[in-house]
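Peer 1: Show me how the following folds:
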Amino acid sequence: MNRRRARPSALLAAAILLLVAAGCTRIQRTDEAERVPDQGPAAELRLGYFPNVTHAAALIGTGKGLFANRLGKTRLTPVQFNAGPDEVGALLGGSLDAGFIGSGPAINAFSKSEGSAVRMIAGATSRGAQLVVRPEIRTPDQLRGKTIATPQVGNTQDVAAKKWLATKGLTGKVNITSMQNSQTLNAFRSGEVQAAWLPEPWSSRLVLDAGAKVLLDESSLWPGGQFPTTVLVVRTEFLHAHPETVRALLRGELDAIGYAERDPAGAKAEVNAQLKKLTGKSLSGKVIDRAWTDITVSADPLCSRFPALARDQQTAGITARSPEVSGMADLRALNEVRAQAHQSTISSAGLDKK
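Peer 2: The predicted structure follows:
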């Protein structure tokens, strides 16, 4: 009988040892990334971003030379992406040093690397995403059997759409397809898709250029109407190897945000010029005006929202369990450069704690 009672205890002890070992592995990986010595300014900074109005700070910073001015001798290499999961692959693969990215993929990058590979160092944009539909669709239930487009599986809008559908009891009752935003516009026009959950300027383009109407503005789902759409992340190793370069990047972002606040007309013009450069086509005045009113350009990543965003991934069926986000934020460099610019401190809301 004693032997029979001992077996469960032995199994429990073994399980505890495995969990401890797994935890140690994560801690060790994080510690290794953070023990990288300061190597001075980087020779190159490879910076990712999207050709979206929700990446206004990145578009202004590159277009107006604000990043380059702050980076000095560090060569800036901008890298364009269509959606977050592709950028996550570049960050985790080491071919990208920093990137403006959606909140959902930022969580995935942190989670997939067991908290070691990336840190969120600032916000960039809040708000700026809508569910737009054909005019005859007036209620969520009328989406049954219809097709909703999102930019990419697992990207910020894809998670938001699937989570919302789950709360409406529509999981598995609506077709969800992922395609590039420009393809979504054509697919909506042709009737191939009947709805789309998109970031700006694409939700505005469907409304103004394709006759869609807004069924839901995502801001209505969040306290105060604010949710993080775009944030700035950096590889942890790069953050510790080149802290001055990271501070220079953040100064450039603050310059871009300040420009957008002081001169909205000039900021819209610069964003539109960069969109034309990157995509070959600028937006109409009505589209850029509508999209601009739907976003808030800010360095605050709204850290308090991230535990809920992580739970949304599980609700949406993107992950089997809620990703771990503890320790994801490191706002020390941001608050240092903000203090130097006589700007207020931005709270990490405990998201910097491991």
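Peer 1: which other helices and strands contact the helix or strand that contains residue 59?
Peer 2: Using DSSP states H and E, residue 59 maps to helix 56-63. Where contact means 3 or more Cβ pairs under 8 Å, 6 or more residues apart in numbering; DSSP states H and E, helix 56-63 is packed against strand 44-49, helix 66-71, strand 118-127, helix 243-262, helix 264-279, strand 295-297. Any C-beta I mention is one placed from the backbone N, CA and C, and that applies to glycine too.
Peer 1: pLDDT of the longest one, averaged?
Peer 2: Across helix 243-262, the average pLDDT comes to 98.
Peer 1: what about residue 101, which helix or strand?
Peer 2: Per DSSP H and E: residue 101 is located in strand 98-102.
Peer 1: Direction included, what does that strand pair up with?
Peer 2: The pairing partners recorded for strand 98-102 under DSSP bridges are strand 44-49 (parallel), strand 228-235 (antiparallel).
Peer 1: Check which element follows that strand along the chain.
Peer 2: Scanning forward in sequence from strand 98-102 by DSSP H and E, the next helix or strand is helix 103-112.
Peer 1: could you give the angle of that next one to strand 228-235?
Peer 2: Calculated by axes from the mean of the first three to the mean of the last three Cα atoms, to 10 degrees, helix 103-112 forms an angle of 30 degrees with strand 228-235.
Peer 1: what's residue 52 in contact with, if anything?
Peer 2: 181, 199-202 (Cβ atoms under 8 Å, 6 or more residues apart in numbering).
Peer 1: repeat for residue 47
Peer 2: By Cβ under 8 Å, 6+ apart, the residues touching residue 47 are 58, 62, 67, 76-79, 96-100, 249.
Peer 1: which among these gets closest to residue 288?
Peer 2: residue 58 (16.1 Å; Cβ to Cβ).
Peer 1: quick revisit: now, which of the contacts of residue 52 lie within strands?
Peer 2: Counting by DSSP state E, the contacts of residue 52 place residue 199 in strands.
Peer 1: Counting neighbours, which of the contacts of residue 52 comes out on top?
Peer 2: Neighbour count (other Cβ atoms under 10 Å) singles out residue 199 as the most crowded of these, with 31 neighbours.
Peer 1: For that residue, give its distance to residue 283.
Peer 2: 13 Å (Cβ to Cβ, to the nearest Å).
Peer 1: do the same with residue 214
Peer 2: 18 Å.
Peer 1: between those two, who's got more neighbours?
Peer 2: Neighbour totals were compared for residue 214 and residue 283, and residue 283 leads with 24 against 14 (other Cβ under 10 Å).
Peer 1: Read off the pLDDT value for that one.
Peer 2: With respect to pLDDT, residue 283 has a value of 96.
Peer 1: could you say which helix or strand contains it?
Peer 2: Here residue 283, judged by DSSP H and E, is contained in no helix and no strand.
Peer 1: That one contacts residue 291, correct?
Peer 2: Yes. Using Cβ atoms under 8 Å, residue 283 is in contact with residue 291, at 7.3 Å.
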